[in-house]
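**Q** next one to model:
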Amino acid sequence: MPTHHTTIAGRAAGEDAAGDAGGYALPELMTVEPERRRVASLAEKAYYLLRDKIITLQLPPGSTIDERALQQELDLGRTPIREALHRLADESFVRVIPRRGMFVAGVEAGDLGAISELRVELEGFAGRLGTERASPGERAAAEDLRKEVATTAEGGVNGNASADHLDHLELMRLDQRIHRLVHRCTRNPYLQSTCESYFVHSLRLWFLGLDRITRLDEAVAEHLDVLAAVRDGDADTAERVLRAHVAGFEREIRAVL
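**A** Now for the predicted structure:
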């Protein structure tokens, strides 16, 4: 799924004026945010806001995209909205039909299996490579994040973490941070961007079954195991757990859709 990144001149009325000094601030997103909470252009800001709406089903699969309404809702001009939509089309989130307009891409029956079989291989490889290449600082960061996950799950660092009280969005954000840490440790930007691309597509499937997903305790246990493996330099365990984590996600989503 190729992507293209664009920058544009000027800004829409009402946009924050920080674009000339450090980029544009993003509001809190429900899903995947850039590493920094600022972006370089209005087109990139529009991209993240629209992608968030598509992933979380605020723009449902198959729905018509009303560019004018989006301009008003997001307080952005026509050009950044249009550029963002074309980028999302490149990433298969949007369909462009000549003489008919733009539509949110539908979700096909085979999407879950196609995405998951790629993610099993990609995340497993990233887990092995990232664990082998992690710096001492990154291993320490993995342990800090492991403690945070355990504490958040009310299990304590040495206890049996439970996800009973976690909401799905909180768990998803922890999941994102863990995967991003592993991806960053690989020192391979191409692998990082590819893993994130398919992670984002998997999130839309996750939101489709959100109210019926029950596999939270298992996910937390896997998170703790992955972070411990990165901390300890145990590449075999990191690969094995990440492969199982993605496969478990597929089974859970398939069961509820």
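
**Q** any chance you could map the strands in this structure?
**A** 24-25, 38-39, 94-97, 101-104 (DSSP state E).

**Q** so which of those strands is nearest Asp234?
**A** strand 38-39 (35.7 Å; C-beta to C-beta). C-betas here are computed from N, CA, C, even on glycine.

**Q** setting aside sequence neighbours, what's the nearest residue to Asp111?
**A** Excluding its sequence neighbours, the residue lying closest to Asp111 (C-beta to C-beta, 6 or more residues apart in numbering) is Leu205, at 6.8 Å.

**Q** again with Ala140
**A** Arg231 (7.8 Å).

**Q** show me how this protein divides into domains.
**A** According to automatic domain parsing, the chain comprises the domains 17-104, 111-256.

**Q** in TSV: those domains, plus mean pLDDT and mean neighbour count.
**A** What follows is the domains of the chain, written out as TSV (pLDDT from 0 to 100; neighbours: other C-beta atoms under 10 Å):
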stretch	mean pLDDT	mean neighbour count
domain 17-104	90	17
domain 111-256	89	18
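
**Q** so what's His103 bridging to?
**A** Rather than His, residue 103 is Phe. For Phe103, the beta-bridge partners under DSSP bridges are Thr64, Arg95.

**Q** surely Ile253 meets Gly209?
**A** Yes: contact criterion C-beta atoms under 8 Å: Ile253 and Gly209 qualify, at 5.2 Å.

**Q** return the distance of the residue located most distally from the centre of the chain relative to Ala69.
**A** The C-alpha centroid of the chain is most remote from Arg99, which lies 32.1 Å away (C-alpha atoms, centre = their mean). Separation of Arg99 from Ala69 (C-beta to C-beta, to the nearest Å): 20 Å.

**Q** repeat for Leu42
**A** 17 Å.

**Q** for Val39, same thing?
**A** 22 Å.

**Q** same check on Ala142?
**A** Taken as C-beta to C-beta, the span from Ala142 to Ala69 is 43 Å.

**Q** and what of Leu174?
**A** 33 Å.

**Q** in JSON lines: the strands of the chain, plus distance to Ala238.
**A** Formatted as JSON lines, the strands of the chain follow (distance: least, C-beta to C-beta, whole Å):
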{"stretch": "strand 24-25", "distance to Ala238": "35"}
{"stretch": "strand 38-39", "distance to Ala238": "31"}
{"stretch": "strand 94-97", "distance to Ala238": "35"}
{"stretch": "strand 101-104", "distance to Ala238": "35"}
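
**Q** tell me which of those sits nearest to Ala114.
**A** Here strand 94-97 is closest among these (C-beta to C-beta), at 17.0 Å.

**Q** off-centre distance for the closest one?
**A** 22 Å (C-alpha atoms, centre = their mean, to the nearest Å).

**Q** could you say what helices and strands it packs with?
**A** Where contact means 3 or more C-beta pairs under 8 Å, 6 or more residues apart in numbering; DSSP states H and E, strand 94-97 is packed against helix 78-90, strand 101-104.
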